[in-house]
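> Need coordinates for the below:
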Amino acid sequence: MTASSPTASRTSEEARARRPLLSIVVPVFNAGAEIVENVGVIRRAAAGTLSDSDVELVVVSDGSLDDTAERLLAARGDLGLRVIHYDRNLGKGYAVKAGALACHGEWVAIVDADLDLDPGSIPGYLETARRERLDFAIGSKRHPESVVHYPRSRRVASWCYQQLNRLLFRLDVRDTQVGLKVFRREVAEEVVPLLLVKQFAFDLELLAVSRALGFRRVRELPVRLDYRFTGSGVRSATVARALFDTAAVFYRLRILRTYQRKRQLLSSASPLPWELPPVTVIGDPEIASRLDYPRLEVVPESDALDAVARARGELVAVLARGARPAGNWLSAAAPYFARDEVAAVVVPALAPVDAGLRCRVAAAVLESRLGGGSRRFRYLPGNVREVADFPAASCVLRREEYLAARQAGVDGERLVAWLARRGRRTVYTPDTSVAEAPAPLLGPHLRGTLDHARARGSAARQTRGASLSGATLLSLAPVACAVAGVSLVASGGPRRELGGALVLAYAAALAGSGTLAALRFRSVPVGLLAAPALLATQAAYVAGFAHGFARPR
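Predicted structure coming up:
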């Protein structure tokens, strides 16, 4: 990407010399008691003959529910780790993306934490990639020199999947899915920010989008794979999701050209600067200590205004009470401030899995397409964008903007809109998050929905419909069909069966959203309550929108 700041672009030989040569990203989820030992093995084997200063190890805990994150954080000083943890499991692809974007090395390696793949292959991959000036050196189970021990069912499924990929994406690669890859830093800067797949088709998306953007120098190298059934098995649901994601990548790449358009949108955002700007964090020191950021000072909320006025840092990070930021919260936000016009960066607020039942049901509604509508990206990672109205109790902003907002009496709910009125821009990035419980059911959640709907109805009237969101219209289409169906059933006649079918389709949509909510939160009660909560939310939204449209503020 093209940087717009000398600090962010740091291309001098001195800056390059200070970078580590190799960054290793290790995604983990519920890795158990052996995770620290495994990470130590990876560091020793993958470093080879490189010095400690030449290697950085970034371990990403993908919403682990056990004590994986705590074990890693306790060991990061002894093992020289960087640890990124966030509270919700978002998929291996999201974890790899978060880790790769946080890396500083000239080369980036990806390796699984379960040691099924020998991390000792990484030094050889790096040497080959540097010698042959490759974009990628990737592991392949089909390389003649590979030593592979894994089930026949996985062999068959893998072969079929690779034939599909060759047909769809014209990839001259026999195996895209091995979790051992080394690629140059330019790929991390120019391709990784564009990627959208959060689950198991991430490897394919990385290679397919890289090829489309000109990174075509790929060489497959042998692997040693000893499948010990410690990782994810090939289940029918996993296969179905991988095929769905593969079709989505093809549609976005070949039909919509989403990645190419997103590249243009991000062309003015900077890669992660080597010299990160100092940040003043307003919040709990214990929570701030979990952040993967080298230059921060923490001040209590009670002393925030005076402390920020005295601070030398350019940026201020405001952390809402009780919120838990992802480990990469600051490192993912900092690059956007290379653009002088950017005043603040906001991120999605994901409900923690340990929140109360009422909060989790409310979150399930807001994260669904039926209940979230145009608000959905606030509560589940969406696409990077500029926003002009985004309630954010937790955000990162420039020091002078923070001081001006405090003097004007502007709180987090109104901050982004206030900045927009002053001609200042706010960027939303999905590459990090803050864990924060939403307003619980029923009363607080429905009151928030009514307020939001009134504002949208008022805006729709003032703009003569130009403010209407496609996502909101799509979310309300099923309920509109259901209302039409009830009317047809009540009217009787030959269209009664059609009306019944529309009502059943709406019921099926509610049931499907409830099932997805149960899977996402790993809770049957959440799934059972999500459907009636969705119905109540849509009714509240329609009522609030009609009120706002009839009586605009």
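> roughly how far apart are the residue positioned nearest the centre of the chain and Thr463?
Taking Cα atoms, centre = their mean, the centroid of the chain lies closest to Asp431, which sits 4.2 Å from it. Counting by Cβ to Cβ, to the nearest Å, the separation of Asp431 from Thr463 is 31 Å. (Each C-beta comes from the backbone N, C-alpha and C, glycine too.)
> related to what we said a few turns ago, need the pLDDT of the residue nearest to the centre of the chain.
With respect to pLDDT, Asp431 scores 91.
> so who does it touch?
Contact analysis of Asp431 by Cβ atoms under 8 Å, 6 or more residues apart in numbering lists 97-98, 101, 193, 328, 332, 381, 384.
> again, only this time at 10 Å
Asp431 is in contact with 94, 97-98, 101-102, 192-193, 195, 326, 328-329, 331-333, 347-348, 381, 384, counting by Cβ atoms under 10 Å, 6 or more residues apart in numbering.
> what secondary structure does it sit in?
At Asp431, secondary structure determined by DSSP: H, G, I helix; E, B strand; the rest coil is coil.
> how much space between it and Ala100?
According to Cβ to Cβ, Asp431 stands 10 Å off from Ala100.
> Mutual contacts of these two, please.
Both Asp431 and Ala100 are in contact with 192-193, 195, where contact means Cβ under 10 Å, 6+ apart.
> would CSV of those with neighbour count and distance to Ser140 be doable?
Shown next, in CSV, are the shared contacts of Asp431 and Ala100 (neighbours: other Cβ atoms under 10 Å; distance: Cβ to Cβ, whole Å):
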residue, neighbour count, distance to Ser140
Val192, 22, 21
Pro193, 21, 26
Leu195, 23, 21
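> out of these, who's nearest Val308?
The nearest member of the shared contacts of Asp431 and Ala100 to Val308, counting by Cβ to Cβ, is Pro193 at 29.8 Å.
> So what does that closest one look like in phi/psi?
For Pro193, the backbone dihedrals (degrees, to the nearest 10) come out as phi -60, psi -20.
> Just give the nearest non-adjacent residue to it, would you?
Closest residue to Pro193 apart from its sequence neighbours, by Cβ to Cβ, 6 or more residues apart in numbering: Leu266 at 5.7 Å.
> Count the residues that sit near that neighbour.
Leu266: 16 surrounding residues under other Cβ atoms under 10 Å.
> circling back to that earlier point, could I get the shared contacts of Asp431 and Ala100 in CSV, plus columns for pLDDT?
Shown next, in CSV, are those (pLDDT from 0 to 100):
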residue, pLDDT
Val192, 93
Pro193, 91
Leu195, 92
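> Show me which of the residues you listed is closest to Ser394.
Once Cβ to Cβ is applied, the member of the shared contacts of Asp431 and Ala100 that ends up nearest Ser394 is Pro193, at 21.7 Å.
> separation between the closest residue to Phe136 other than its chain neighbours and Ala417?
Closest residue to Phe136 in three dimensions, ignoring its sequence neighbours and counting by Cβ to Cβ, 6+ apart: Val218, at 4.4 Å. Applying Cβ to Cβ, the value for Val218 to Ala417 is 46 Å.
> Who has more neighbours out of those two?
Val218 (20 against 15).
> That one touches Asp135, doesn't it?
Yes - using Cβ atoms under 10 Å, Val218 makes contact with Asp135 at a distance of 6.3 Å.
> Return every residue with contacts to both of the two.
Shared contacts of Val218 and Asp135 (Cβ under 10 Å, 6+ apart): 129, 183, 207, 210-211.
> for the stretch 51-200 of the chain, what spans make up the helices?
68-79, 92-102, 122-132, 152-169, 185-190 (DSSP state H, counting those that start in this stretch).
> pLDDT on the first one, on average?
For helix 68-79, mean pLDDT rounds to 91.
> what about dumping the CA coordinates of that helix to CSV?
Taking Å, rounded to 0.1, in the frame of the first residue of the first chain, the C-alpha atoms of helix 68-79 are listed here in CSV:
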residue,chain,number,x,y,z
THR,A,68,-4.6,-20.8,26.6
ALA,A,69,-4.4,-17.0,26.6
GLU,A,70,-3.4,-16.8,30.2
ARG,A,71,-0.7,-19.4,29.8
LEU,A,72,0.7,-17.5,26.8
LEU,A,73,0.6,-14.1,28.4
ALA,A,74,2.4,-15.5,31.5
ALA,A,75,5.2,-17.0,29.2
ARG,A,76,5.6,-14.2,26.8
GLY,A,77,8.5,-12.7,28.7
ASP,A,78,10.5,-15.9,29.0
LEU,A,79,9.9,-17.0,25.4
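> Please renumber the chain so that the first residue is 399 from this point on.
Renumbered: residue one is now 399, and that last one reads helix 466-477.
> Run through who's touching it.
Residues from elsewhere that reach helix 466-477, judged by Cβ under 10 Å, 6+ apart: 424, 426-435, 437-438, 440-442, 455, 457-462, 465, 479-485, 511, 687-688, 690, 725.
> Just the buried ones from these, in ChimeraX syntax?
Typed into ChimeraX, the next command selects the buried ones out of the contacts of helix 466-477 (criterion: 16 or more other Cβ atoms under 10 Å):
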select :424,426,427,429,433,434,437,440,441,455,457,458,459,460,461,462,479,480,481,482,483,484,485,511,688,690,725
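> Mind checking which of the contacts of helix 466-477 are in strands?
With strands taken from DSSP state E, the overlap with these comprises 424, 426, 455, 457-460, 479-484.
> What is the most widely separated pair among the residues you listed?
Every pair of these checked by Cβ to Cβ; the farthest is Leu455 and Tyr484, at 18.2 Å.
> if you skip the residues just before and after it, what's nearest to Leu813?
Ala803 is the one closest to Leu813 (Cβ to Cβ, 6+ apart), at 5.8 Å.
> Sorry, slip of the keys, the one I care about is Leu694.
Excluding its sequence neighbours, the residue lying closest to Leu694 (Cβ to Cβ, 6+ apart) is Val677, at 4.7 Å.
> I'd say that neighbour and Tyr691 touch.
Yes - between Val677 and Tyr691 a contact is recorded at 6.6 Å, counting by Cβ under 10 Å.
> Between the two, which contacts overlap?
Both Val677 and Tyr691 are in contact with 715, 727-729, 731-732, where contact means Cβ under 10 Å, 6+ apart.
> which of these sit farthest apart?
Most distant of these, by Cβ to Cβ, are Ala715 and Ser729, 11.3 Å apart.
> Now for those two: what residues contact both?
Listed as contacting both Ala715 and Ser729 by Cβ under 10 Å, 6+ apart are 677, 689, 691.
> Now rank these by neighbours and give me the top one.
In terms of neighbours by other Cβ under 10 Å, the shared contacts of Ala715 and Ser729 top out with Val677 at 26 neighbours.
> For beta bridges, what are the partners of that residue?
Leu694, Leu713 (DSSP bridges).
> what sits against it?
Contact analysis of Val677 by Cβ under 10 Å, 6+ apart lists 686, 689, 691-696, 709, 711-715, 727-729, 731-732, 794, 797.
> Thank you kindly, that will do.
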